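**Q** Pasted the sequence and its predicted model underneath.
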Amino acid sequence: MFKRNVRILLAASLLLIVALVAGCGGGSGLQRVPGLSPTETVTTFFDAAKNNRMEEASLYVSAASKSDPKTVVKFMTGQSELTQIKNSNIMSVKQVAQQGNYAALLVTTQEQNTFKINMKPVGLEKVNGEWYIIDFDQIYTDAKYKVLQQLLANL
């Protein structure tokens, strides 16, 4: 019970920090590259995350995904794919579908020093003319992303 309360408190604290940083722009001077295509958005995110520039990488993730407590918990518990990104190279990023403000991409990566290849579907949403990555689990829990669910179902 105590461990659960600590995790909830940590998740809430991290969520508050993320909200504050996102709300005030972080004061770091980092700016998102404007006008990127869905493919360029994913590639730019991957490059920043792989090189441990997490504040920069977060600029390409939707605000809803950054503020979702479940997403925060995944990062805290190590269930996110950040470790896999840091140890992988992109082989290809292919946009396979787009409908309105939603796009579905298929990202193929190869783990460094192995022959292991991973294929991962990625969903994006266009907000104010810019593409943002949506947390995969959030796509299937938020009714707002019904169109994106259908696009990803075809992969």
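**A** Ah, there it is.
**Q** sec struct for the residue nearest to residue 59 when sequence neighbours are not counted, please.
**A** Take residue 59 and drop its neighbours on the chain: the residue closest to it by CB to CB, 6 or more residues apart in numbering is residue 32, 4.2 Å away. From N, CA and C alone the C-beta is placed, and that goes for glycine too. What DSSP: H, G, I helix; E, B strand; the rest coil gives for residue 32 is coil.
**Q** For the chain, which segments count as strands?
**A** With DSSP state E, the ranges of strands along the chain come out as 88-99, 102-111, 117-127, 130-134.
**Q** could those go into JSON lines alongside distance to residue 45 and mean pLDDT?
**A** Formatted as JSON lines, the strands of the chain follow (distance: least, CB to CB, whole Å; pLDDT from 0 to 100):
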{"stretch": "strand 88-99", "distance to residue 45": "10", "mean pLDDT": "93"}
{"stretch": "strand 102-111", "distance to residue 45": "10", "mean pLDDT": "92"}
{"stretch": "strand 117-127", "distance to residue 45": "9", "mean pLDDT": "92"}
{"stretch": "strand 130-134", "distance to residue 45": "6", "mean pLDDT": "94"}
